[in-house]
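Colleague: below is the structure, and that's it, no one-letter string:
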């Protein structure tokens, strides 16, 4: 499978999480990691991946706008090329207590579910808390991320 893990990062937490998640996929998969500010939706659409994992960050009580805009452009490019992505999921990094960001997470995941060119979206989102604005991601959150990606991989394989 071709897997794209995309993130929006300011302090590197999203990139670290995307790379960590990518390393948990079985080695026979083709894994690519990139920043939504540097990877064009057109290039991803042309590569026709099987899986997309899209990450964002909650900053200053604002949701992940750059990845949402990027996803909208990706969907348009996929429509043009008539390519579809089979599976998708999303993650958020944040500095707030996890229970305070659930609304952001649901709205972010809803954007992916509404993307007509992504056939199936994993029903839950991964949220990972950072120690301070600049990070790092809390150690226990990385364990949660590992469990999440294993559940996502199992869901794909069913």
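Modeller: Great, that's in hand. Computed from a predicted structure; not experimentally measured. Numbering: from 1, shown residues only.
Colleague: partners of the longest strand belonging to the chain in the sheet?
Modeller: Longest strand of the chain, by residue count under DSSP state E: strand 85-94. Strand 85-94 has its sheet partners listed here by DSSP bridges as strand 51-57 (parallel), strand 118-121 (parallel), strand 126-129 (parallel).
Colleague: which is the next helix or strand following it?
Modeller: Stepping forward along the backbone from strand 85-94, the first helix or strand reached (DSSP states H and E) is helix 102-114.
Colleague: hmm, who's touching that next one?
Modeller: Helix 102-114 is contacted from outside by 54, 56, 58, 63-64, 67-68, 71-72, 88-90, 92, 94, 118, 121, 124-125, 127, using CB atoms under 8 Å, 6 or more residues apart in numbering. No exception for glycine: its C-beta is placed from N, CA and C like everyone else's.
Colleague: cool, and stretch 146-155?
Modeller: With CB under 8 Å, 6+ apart as the test, stretch 146-155 has contacts from 20-21, 24-26, 53, 87, 89, 91, 122, 124, 126.
Colleague: how much space between residue 18 and residue 32?
Modeller: 10 Å (CB to CB, to the nearest Å).
Colleague: comparing those two, which residue is more hemmed in?
Modeller: residue 18 (26 against 16; other CB atoms under 10 Å).
Colleague: just checking, that one touches residue 53?
Modeller: Yes: taking contacts as CB atoms under 8 Å, residue 18 lies within contact range of residue 53: 7.0 Å.
Colleague: return every residue with contacts to both of the two.
Modeller: 5-6, 91.
Colleague: so how far is the worst-scoring helix or strand of the chain on mean pLDDT off the chain centroid?
Modeller: The weakest-scoring helix or strand in the chain, judged by mean pLDDT, DSSP states H and E, is helix 102-114 (a mean of 93). Chain-centre distance of helix 102-114: 11 Å, with CA atoms, centre = their mean, to the nearest Å.
Colleague: how much does that helix deviate in direction from strand 85-94?
Modeller: 160 degrees (axes from the mean of the first three to the mean of the last three CA atoms, to 10 degrees).
Colleague: quick check: buried residues in helix 102-114?
Modeller: Buried residues in helix 102-114, counting neighbours by 16 or more other CB atoms under 10 Å, are found at 104-105, 108-109, 111-112.
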